[in-house]
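*Asks:* Let me see the structure of the following:
(chains A and B)
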2 protein chains.
Amino acid sequence: MNGAESALHTAQAAGIDLCLANPGTTEMPLVAALEGVPGIRAVLGLFEGVCTGAADGYARMTGRPALTLLHLGPGFANGIANLHNARRARVPLVNLIGDHATWHLGFDAPLTSDIVSLAAPVSGFVRTTTAATDLAGDLAAAVSAALEPPGKVASLIVPADCQWEEASGPAPFAAPPSPSAPDAAALAAAADALGAGERCALFLGGDALGERGQRAAARAAAATGSRLIAETFWRRMERGAGLPAVERLPYFPEQAMEALGPLSDLVLVGATEPVAFFGYPGLPSRLAPEGCRIHVLARPEEDAEAGLEALAERVGAAREAPPAASAPRPGPASGALDPATLGRTLAALQPDHAIVVDEGATSGLPYYLLSAAAPPHSFLTLTGGAIGQGPPCATGAALACPDRRVIALQADGSGMYTLQALWTQAREGLDVTTVLCANRSYRILQIELGRSGITAPGPKARALTDLTHPEIEWCSLARGLGVPADRVESAEGLARALAASFSEPGPRLIEAML
Amino acid sequence: MNGAESALHTAQAAGIDLCLANPGTTEMPLVAALEGVPGIRAVLGLFEGVCTGAADGYARMTGRPALTLLHLGPGFANGIANLHNARRARVPLVNLIGDHATWHLGFDAPLTSDIVSLAAPVSGFVRTTTAATDLAGDLAAAVSAALEPPGKVASLIVPADCQWEEASGPAPFAAPPSPSAPDAAALAAAADALGAGERCALFLGGDALGERGQRAAARAAAATGSRLIAETFWRRMERGAGLPAVERLPYFPEQAMEALGPLSDLVLVGATEPVAFFGYPGLPSRLAPEGCRIHVLARPEEDAEAGLEALAERVGAAREAPPAASAPRPGPASGALDPATLGRTLAALQPDHAIVVDEGATSGLPYYLLSAAAPPHSFLTLTGGAIGQGPPCATGAALACPDRRVIALQADGSGMYTLQALWTQAREGLDVTTVLCANRSYRILQIELGRSGITAPGPKARALTDLTHPEIEWCSLARGLGVPADRVESAEGLARALAASFSEPGPRLIEAML
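*Replies:* Numbers count the residues shown, from 1 in each chain, chains lettered A, B, ... in the order given. The predicted structure is shown next:
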């Protein structure tokens, strides 16, 4: 058994069942070893950002790490942007990064680079294997690190000779301890804070946004008259009819500050203190009002669900969360497509238990409010702001949940970064419906230009935020990658295309002309 | 004048005329400032690897740096692979990387990351601006560092407040010293080595592969009976009828060792010692034979052209290089397309003074030999092995040389990494003919699998190296990005499509079915 085989047998025994790969020469022993480990599915991405973003989506839906298999520093670098999102999502993920043979590294061959320096900014664990006999143990340590609550990106650099040389067999795997529940002091402080009633909010992130966490939070909030606010960009939120109503902290700082303005107390549950996405002249970084007390019920690495249930008991909450007073599910819209009619039509038609991956940017905003009464679904967002997350994340979610329809609500500007994911969706026959919101611009940047005082941008600023000249033909791109596609120009057309996609297996792209 | 304006005026005064941009919110003041600096052209890339690869291609053709404008750590990360190639090409290049406002960084907003750690592995200069009043000086220092012979990637991280706050005006720019000529000892040692005649070779890289360097090298070689060998992957080589015959060091180590086997002396000129691209079991890293003496006439940062001319004088060479005894220019091939008929047809039809960007991988190999008698052209290769270099590099070469036809000899596997470059070619109306070699596989990996002893790969290894299921329709992809496209199935069809493209302005993609 060589090092590569010892590592993959170790991975399988540790519960890993998926390898998202874009390998090269230095990973050939690992590619060959995959044959002998039937429990690990190998899926090819045509660009590394597809692999890393898919591993993120897979982890969000399963709580388990997938492997990525990447080619030295430059191959890894192509995956960094979506690893940045995965790090911000706090998901478990294990990168296997091939490198030159140990004895070849010193010769500075063309593909040599400092992989550790590249990996450190996105990884909670970085290790370089130095002997084939260590590889299985290093892999076990990487998986264990990835699973440390709440989840980490682990990067293991594996020189080629450590893959091909003889090893002694798989290594034992030790699962890390489960997250600990918040301590009594944190619980008492949170309960006291809820005494402020509507001037207190539970600020929910991470695991707190699962169904169990939300129901407990809603019980505590109902018993005390407090508010529930979700972080702006979460890893995964369960949503839809029957679930509690949770406010979403707005993106722009002025609106976020207005939402938080009345608060005297903010209780963090699986989330960190809310800060502005960007710094702007004359606006603060911290969004909570001056003097607002910040409490921590559960840090991201602690058990937010247990903490919320204990809190609900402590404040004498009723055993059942109150029913959410949400509006009824909307019907499909009619007429011209805009973000509101698009969001309404999608919310009206999405099937039960869909997984919605939202990289719709400005075009996706209205959907969140409109989908509160849609059937239960999981909602994944762009946690780290590194665009190009949607198509890969949807791919990974579909690999994780083959019995659920994945809906990728996708902006056109950001979709261009990782459109290669469509090919993997076609190859694997994944049930992904991409709703491509074609507004033919980097609309958010046009808004940001205006915010920075440039209300009449000149030709260069216009050119750098505009995606016409030429127009991108998304149906042509999708078909070129093996995914059937339709262009729709009205809400009715969108409804027909959605219904068609939801009734057939496999991927489809709907180019919605906004 | 704010910091952004002071920086761009400084850049213009330092000779910069191109900014390849994929900006975001933290770069808006630089975007706005571009309006006021008419001498700097702003070109949008839809993915950061397009911007960095185009800056590389631009620098190879002009010797001058372009600016890239990139969005924080994740945006920069998307450009790293092609910066790795640029670093290996030793070209001048200046990255402007926006970051959060200095006072916002400590709050760890979602897009915050350690940009210095990401930039260091591909940069010869990294600096973070800390005040608006420093930005112009920092930019001048970055351009100066980029131009230090032989050329460096310089990365300047610019917090948003350093862009928007008031500055004191442009900073003076000091060009770095020109490269120094080799010293007398190096010259004497090289001349002595040439005494070994055919057991000595001049090993040429960098500037030595320009017309002037090659002619001087050929004079010295003719006078002494020595050989001329080019490094395997060079920044830019002038080629074609009338230029000296130069061997190319083969890619695979066995063949390279065979080529170098007879040598007792190897003289490096603008190149480093030849080493294997990858390490293989039982094969050495160093390719020159045991006991071969390695001499250095000119390190990459020294003046290779002056060194070669001095060397030619020293060995009493004739004033003119001997004419190359190359075969006549081939005519177009006929019949089925394979790498040889494709290469022959291209060599037969390429226009005068073309720029050939070769990322053809296994499909591009025969072209090099077949094009020796083609009309004079510049030949750019994949210096760092990070695939996805071709379409962006061709884009940058076309921006640099609007009066020359650029031919991108492109493999399908690697083309998928940065296909977004086609859109920029369409938007800017660039004269780029992409010959897309569609063999529907990562052929080099199939070869490498065989080299590692896996002659009958299993289904997983086959799936990870195969690009069918679904087949990629490159014409559909190109049209989706605004580039006209043809599919050709024969050498005659390729000839017709090439002729059509060479006779019309603007980009075209020819999908050559191998």
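*Asks:* Could you check the pLDDT of the residue lying farthest from the centre of chain A?
*Replies:* If you look at how far each residue of chain A sits from its centre, by C-alpha atoms, centre = their mean, the farthest one is A:Phe107, at 38.9 Å. With respect to pLDDT, A:Phe107 scores 98.
*Asks:* Spatially, what comes nearest to A:Arg319 if we skip its sequence neighbours?
*Replies:* Nearest residue to A:Arg319 in three dimensions, chain neighbours excluded: A:Arg219, at 7.6 Å (C-beta to C-beta, 6 or more residues apart in numbering or on different chains). Where you see a C-beta, it was placed from the backbone N, CA and C, and this is true even at glycine.
*Asks:* for the one you found, what are its contacts?
*Replies:* A:312, A:317-322 (C-beta atoms under 8 Å, 6 or more residues apart in numbering or on different chains).
*Asks:* and after the helix or strand containing it, which helix or strand comes next?
*Replies:* With secondary structure defined by DSSP states H and E, A:Arg219 is part of helix A:211-224. Reading on from helix A:211-224 to the C-terminus, the next helix or strand found by DSSP H and E is strand A:227-230.
*Asks:* Show me how far that following strand is from its chain's centre.
*Replies:* Taking C-alpha atoms, centre = their mean, to the nearest Å, one finds strand A:227-230 lying 20 Å from the centre of the chain it belongs to.
*Asks:* Direction included, what does the very next helix or strand once past it pair against?
*Replies:* Taking DSSP H and E as the definition, the helix or strand that follows strand A:227-230 towards the C-terminus is strand A:237-239. Within its sheet, and counting by DSSP bridges, strand A:237-239 is paired with strand A:377-381 (antiparallel).
*Asks:* Check which residues of the strand it pairs with are buried.
*Replies:* By neighbour count, and taking 16 or more other C-beta atoms under 10 Å in any protein chain shown as the criterion, the buried residues in strand A:377-381 are A:377-381.
*Asks:* cool, and stretch A:64-73?
*Replies:* A:64-73.
*Asks:* Which ones among those residues lie within strands?
*Replies:* When these are checked against strands (DSSP state E), the matches are A:67-71.
*Asks:* I'd say A:Ile40 and A:Ala14 touch.
*Replies:* No. The pair A:Ile40 and A:Ala14 fails to qualify as a contact (C-beta atoms under 8 Å) at a distance of 10.8 Å.
*Asks:* higher neighbour count, those two?
*Replies:* A count of neighbours by other C-beta atoms under 10 Å in any protein chain shown puts A:Ala14 above the other of A:Ile40 and A:Ala14, at 23 against 19.
*Asks:* Quick one, grab the pLDDT at the residue nearest to A:Thr25 when sequence neighbours are not counted.
*Replies:* Closest residue in space to A:Thr25, ignoring its immediate chain neighbours: B:Glu448 at 4.5 Å, by C-beta to C-beta, 6+ apart. At B:Glu448 the predicted local distance difference test score is 90.
*Asks:* How far away from the center of its chain is the one helix or strand B:Glu448 maps to?
*Replies:* When elements are assigned from DSSP H and E, B:Glu448 belongs to helix B:443-451. Centre-to-centre, helix B:443-451 and its host chain are 24 Å apart (C-alpha atoms, centre = their mean).
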